[in-house]
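Undergrad: Quick one, what's the 3D model for this:
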Amino acid sequence: MDNLKQIKTLVSCYQEAIHSQNKEDFYQLWSQNNQCSLISITNQFIGLESIFHDFLIGRIQKAYLDIKLITENIEVNMINDYFAIVLFQYHTECIKRDSLEHYGIQGLETQIMIKEDNSWKLLHVHYSKDNG
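TA: Okay, the predicted model is just below:
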């Protein structure tokens, strides 16, 4: 499988892991590098344990009964054979846990990927929210 296809598959698997919140599926997407990071709309999370427990479980799962991350217009910028920057527009379709209301946000997402053992992995994710 070529780099572009592998990277787009990783984005798709990330979308599914956000929805399922399955720990094993989520962890396998990320680099084994201890410097993994995620910047959400309001906070930053350093290290895979923090990204999973504090962001995905502590914030996303706590706030939403259901969440779907939808990606559009994926652009892959190959830096070299081992690094890629992926940019895309996203929107979410959520159900708030406390009120059962439908809710969503939209914005831009940047993912930095690294190739480890011939597989692409997430190293950094950054969400930006559209204010419009």
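Undergrad: Which helix or which strand is home to the residue lying closest to Ile74 once chain neighbours are set aside?
TA: Nearest non-adjacent residue to Ile74, counting by Cβ to Cβ, 6 or more residues apart in numbering: Phe88, 4.4 Å away. Every C-beta, even on glycine, is put in place using the N, C-alpha and C of the backbone. Assessed by DSSP states H and E, Phe88 sits inside strand 83-96.
Undergrad: Roughly how far does the residue of the chain most remote from its centre sit from Leu108?
TA: No residue in the chain has its C-alpha farther from the mean C-alpha position than Ser99, which lies at 25.1 Å (Cα atoms, centre = their mean). To Leu108, Ser99 is 27 Å away according to Cβ to Cβ, to the nearest Å.
Undergrad: With Ile41 instead?
TA: Ile41 is 11 Å from Leu108, where distance means Cβ to Cβ.
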